[in-house]
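Chemist: fold the stuff below for me.
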Amino acid sequence: MKYRIGIDVGGTFTDFLLTDQLGNSTVYKTLSTPKDPTIGFFNGLTEMAKDHGMNLQEFIGQIELIVHGTTVGTNAALTYSGAKTALLTTKGFRDVLEMRQGLRPDAYNNQYISPKPFVPRHLRMGIKERVDCSGQEVTPLSEQDILNAIKTIREQGVEAVAISFMHSYANAEHEKRAGQIVREQLPDHYVTISSELVPRARLYDRSSTTVLNSYIGPIIKNYLTNLMQKLEELQFSGTLLIMQSNGGVATPQATIAKAANTLLSGPASAPVAGSWYLKPHGIGDALTMDMGGTSFDVALVKDGYPLIRTEGEIADWPISLPTVDIHTIGSGGGSIAWVDEGGLLHVGPKSAGAHPGPACYGFGSELPTVTDANLVLGYLNPDYFLGGKMKLDLDAARKAIKNQVADKLGMIVEEAARGIIDMVNVNMANGIREITTKRGYDPREFPLVCAGGAGPLHAAAIAEELESTLVIIPKESSIFCAAGMLMSDLRHDFVKVFRTSTKNAALGEVLDTFQQLEVQGARELKGDGVKGEDMQFHYSLDMMYKGQYFQVNVPFTAEEMKEISLQAIEDKFHQWHDQLFGYSTPEMEVEILNFNLSALGITQKPNIKHTEFQGQSPEHAYKGMRPMSHGEGGQLVDTPVYDGDALVHGNTVMGPAIIEQKVTTIIVSACFNVIVDKNDNYIMHHKGASKESVQHFIEEKRGVIYE
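Modeler: Just a heads-up that it's a prediction; the model follows:
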């Protein structure tokens, strides 16, 4: 038997999805080990091997694919624990990292302080050179300045070098020569050249991205090299791929070269998984929400693909690389509840993490978290957390909420816990509005795909807050990102700066530019072993009205490209501008700034196991009653509990109810019912939904329809 495994290292848990050739899948979770993430990685593999009656080496010999998402680089950037880095830039521009874009993120906050640059000023060195925006050389490159900088780099014990010159997107010769000299003189140093990583205009954004890549590059290189060495020692002969921020995967070698592509990779696979779970039902548009132990991530899937933006941000530093458009807030199961000096309740953004974790984990924490509140309100079973492998301490949860919240607000413990849950639910609903309403979409028009270990606990409440009528909860929701990794394709992104007006451009120039990018993309994919028939290309243009500062990324499908015209390009830009900002001005001149192309290598996906209709009754999965908070005043009321692992295709659970799985719990509020679809996933729908809107989720062979 051959196996495929998706592995996602989170702030609290490391998640695993194990699939086999028959379409069977198994979920595993281990506590994350932040000091050395490979420990949690191999702890999970060891547990799988034991379950299959093999030792670790025998089991690893049966694995044909591992897709791995890592937060190693993200943590290094957030904690300023990356490599000691130097920046070589055009003379006179070494302070660009501190000057930034000249704008404050919070325009009316006079006390705002920009984050500390990853490269201190004495390691930002100016190099005499200059080309203009058209690519013409103005000042020759001073190789002596580069040699002087290398001397300083050696003296200061620098580990990584970033090279970012003015207008290198238009002419990269100076950067390439500088990179060649540095690599020859410092062969053991990690070197990033901006024109190789992100050949875009705007020096600050490009320099920030280049610095970030070098800052985390040695960390990523050491981690992946160590991981590959351990796998090799265990005689792993399969393929290892690494999750990227753009929603695709890449080889370890490509990841080491472009380490910044991993900075936002953690949640990037969630919308990929969301589109995969919706595909059997013919649904192409959805909102995915993933609530883990530390954060809540939401993304929008449109026409079967997650929305991509051409830049991201981490710790207030821009990353000019394509990233899945994800909005993240500090609301997770480990988010800490606290009362400020004015007597107001807050939840997050600080998290208890894996250690010490929530108070109920019993690891010594005395601070109340969302998980503690869920336990107090009866949403969690203290004896069945992680399938019973971990017991939760209800008394510790009650004590933490009483001391830190209830007593300060003059409430009983249950009221305080209810307030914590209500607040975090509103915060998460507002997070969803950030990625929908502010982008011109109505959240009521999208089904929710809910994931994360904590997500299904809150799904019904969030849906009620948003007036959503349909929620899909995959059986593997607790390890949603790990599942999405197995469904991701190889992906390489390319950009070419070519500033022109739609009035002056020739259609041939547009097509030729995209053709050049296609050749690059095909070459990269071929190097990854992708066959021509498995290659796909996605296109987009960065555009704006003449005189604007911010551009709009306008996507075009392969079908649209077959019949593209300059008028069609203009029309789509006006449409997207109107959707994003509420207006368009067709009489204004439109400029094209960048040509973007994504080259996808379509990978083999896990088999989907379809099951036969087994009837509506869930009685075989009934476990008994448990007090849960609902009804008048939110008091605890006896509520039926069902074993989620025993529910099968067609089973219908009427709310209010609790559905327990080993690694997650689904709360079905009084407004919703749940049915199990042919893939054994949960479809939570509002009780007011029509029979026709629900019926197509059940593949009935015996003539019985949903009542």
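Chemist: what about L580, distance to L307?
Modeler: 12 Å (Cβ to Cβ, to the nearest Å). C-beta coordinates here come from the backbone N, C-alpha and C atoms, glycine included.
Chemist: give the residues shared as contacts by those two.
Modeler: R439 (Cβ atoms under 8 Å, 6 or more residues apart in numbering).
Chemist: those two: which has the busier surroundings?
Modeler: L307 (19 against 13; other Cβ atoms under 10 Å).
Chemist: any idea how far N246 is from the closest residue to that one other than its chain neighbours?
Modeler: Closest residue to L307 apart from its sequence neighbours, by Cβ to Cβ, 6 or more residues apart in numbering: D325 at 4.2 Å. According to Cβ to Cβ, D325 and N246 sit 11 Å apart.
Chemist: of the two, who's got more company?
Modeler: Using other Cβ under 10 Å, the more surrounded residue of D325 and N246 is N246, with 25 against 20.
Chemist: wait, the more buried one sits on D493?
Modeler: Yes. Under the criterion of Cβ atoms under 8 Å, N246 makes contact with D493 at 5.8 Å.
Chemist: hey, what's in contact with both of those two?
Modeler: In contact with both N246 and D493: L321, P322, S598, using Cβ under 8 Å, 6+ apart.
Chemist: what's the helix or strand for T192?
Modeler: strand 190-193 (DSSP states H and E).
Chemist: list of residues touching whatever helix or strand comes next after that strand?
Modeler: Next helix or strand after strand 190-193 toward the C-terminus (DSSP H and E): helix 194-197. With contact meaning Cβ under 8 Å, 6+ apart, helix 194-197 is reached by 162-165, 168-169, 172, 175-176, 179, 206-207, 209-210, 213, 258, 260, 321.
Chemist: so for helix 194-197, what's the average pLDDT?
Modeler: The average pLDDT within helix 194-197 is 94.
Chemist: off-centre distance for that helix?
Modeler: 24 Å (Cα atoms, centre = their mean, to the nearest Å).
Chemist: next: stretch 111-123.
Modeler: The answer for stretch 111-123 is 26 Å, by Cα atoms, centre = their mean.
Chemist: what of stretch 209-216?
Modeler: 19 Å.
Chemist: possible to save the shared contacts of N246 and D493 as JSON lines with secondary structure, pLDDT and neighbour count?
Modeler: Conversion of these to JSON lines gives the following (DSSP: H, G, I helix; E, B strand; the rest coil; pLDDT from 0 to 100; neighbours: other Cβ atoms under 10 Å):
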{"residue": "L321", "secondary structure": "coil", "pLDDT": "90", "neighbour count": "25"}
{"residue": "P322", "secondary structure": "coil", "pLDDT": "89", "neighbour count": "27"}
{"residue": "S598", "secondary structure": "strand", "pLDDT": "93", "neighbour count": "23"}
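Chemist: just those now: which is nearest G23?
Modeler: S598 (28.9 Å; Cβ to Cβ).
Chemist: quick one: contacts for the closest one?
Modeler: S598 neighbours (Cβ under 8 Å, 6+ apart): N246, G248, I308, P322, R491, H492, D493, F494, G521, F537, H538, Y539.
Chemist: how many other residues sit next to A254?
Modeler: 18.
Chemist: just E587 next, same as before
Modeler: E587: 6 neighbours (other Cβ under 10 Å).
Chemist: ok, it to L566 distance?
Modeler: 16 Å.
Chemist: if anything else comes up later, I'll come back, but that's it for now.
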